[in-house]
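In: Here is my input; please provide its structure:
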Amino acid sequence: MDDRITTIRPLPAAKQELGFTNPSGVTAVFSRPEFGCAWFFLRLFVGWQWLNAGWHKLVGPSSAGWVRDGQVGDKFLYQGDSILGFWQRAVAIPDQGRPEITYGWYRDFLHLLINHDANTWFSYLIASGEFLVGLALVLGIFTGVAALFGALLNFNYMLAGDSGANPVLFLSALLLILAWRNAGYVGLDRWLLPLLGTPWQRGWLWRRGQSPSEEPGRLPQPGRRAA
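Out: The predicted structure follows:
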C-alpha cells in the first residue's frame, strides 16, 4: 500500500472570455449603414402608429377624457377618464371565463394607480409619451431609446390584456433596439450619434481638441475606442 499523500493542486484561476461572434450577415444587418434604408421603413411604420395614437389623445375631439374635459357623444368625460376606464375594465374579474390580466401583481399595481387617482396625471404621460416616441422614431432621433420606451408601452398594454397591434409593435421595437446603430441612419441619428455618442462611448462633442476617430456622417464602427 502506498502511504504517499497525493496533493491535488487547484487549477490557476484565469479569466476566460468566450470567443463567439455573431454571424457576419447578422452583424451587417444590425450595424452596417447600408441596411439603414431597410430599417427606415420598419421605423416609419412603428413611429407612425405611436405618432397617430398620441396625436389623437392630445389634439381634437378624441382628446376629451385624456388631456382635457369634454363631451364625447352623449357622455361628458373629465380629463383622465379614458385611461381610468381602461384600468377598471382590465382589473375586473368576470364571473366566468378568464380575467383580462393574468398576473396578480400587475392587477395590484393598477389598483394602486386607481386608488391614488393617478389617472389625472398618467393620461398626460401616456398621451405625450406615445407622441414623442412616434416623433423620435419617424425622425430617427435616438432610435434605440425611443424604441425601448415604445416597447415598454406595448408591454404594459399587453399585461393589461390589450393585444390588438401591440405584439407586432413590440416585436418591431425589439428589432429596432437591436439595430440601434443603423436603424436611424436614414434620419437624424446619422449625425446625432457621432456628435453626442453614447454613455459608454463619447462623441465628437466631448472630444473637442482631439483628432476625431470617425468620419462625419458615419456611425461609430465596432471595435474602436473613443480617444
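
In: number of nearby residues for Thr143?
Out: For Thr143, the neighbour count with other Cβ atoms under 10 Å is 31. C-betas here are computed from N, CA, C, even on glycine.

In: for the one 5 residues further on, same thing?
Out: Leu148: 16 surrounding residues under other Cβ under 10 Å.

In: And it, what's its pLDDT?
Out: With respect to pLDDT, Leu148 has a value of 98.

In: Not counting residues beside it along the chain, what's closest to it?
Out: Nearest non-adjacent residue to Leu148, counting by Cβ to Cβ, 6 or more residues apart in numbering: Ile177, 5.7 Å away.

In: Quick check: phi and psi on the one you found?
Out: When read as degrees, to the nearest 10, the backbone of Ile177 gives phi -60, psi -40.

In: for Ala151, same thing?
Out: Per-residue torsions, Ala151: phi -60, psi -40 (degrees, to the nearest 10).

In: how far away is the nearest residue to it once chain neighbours are set aside from Ile114?
Out: The shortest distance from Ala151 to any non-neighbouring residue, by Cβ to Cβ, 6+ apart, is to Ala173 (3.8 Å). To Ile114, Ala173 is 27 Å away according to Cβ to Cβ, to the nearest Å.

In: and if you look at Leu178?
Out: 36 Å.

In: Contacts only, for Asn166.
Out: By Cβ atoms under 8 Å, 6 or more residues apart in numbering, the contact set of Asn166 is Asn154, Tyr157, Met158.

In: didn't the first one look like it was pressed against Gly164?
Out: Going back to what we said before, that points to Asn154. No - with contacts counted by Cβ atoms under 8 Å, Asn154 stays clear of Gly164, the gap being 9.8 Å.

In: Pick out whichever of those two has more residues nearby.
Out: The neighbour count for Asn154 versus Gly164, taken as other Cβ under 10 Å, is higher for Asn154 (25 against 10).

In: For Gln79, give its distance to Ile101.
Out: Gln79 is 25 Å from Ile101, by Cβ to Cβ.

In: can you check Cys37 too?
Out: Separation of Cys37 from Ile101 (Cβ to Cβ): 40 Å.

In: From the neighbour counts alone, determine which of the two ranks first.
Out: Neighbour count, other Cβ under 10 Å: between Cys37 and Ile101, Ile101 has more, with 19 against 11.
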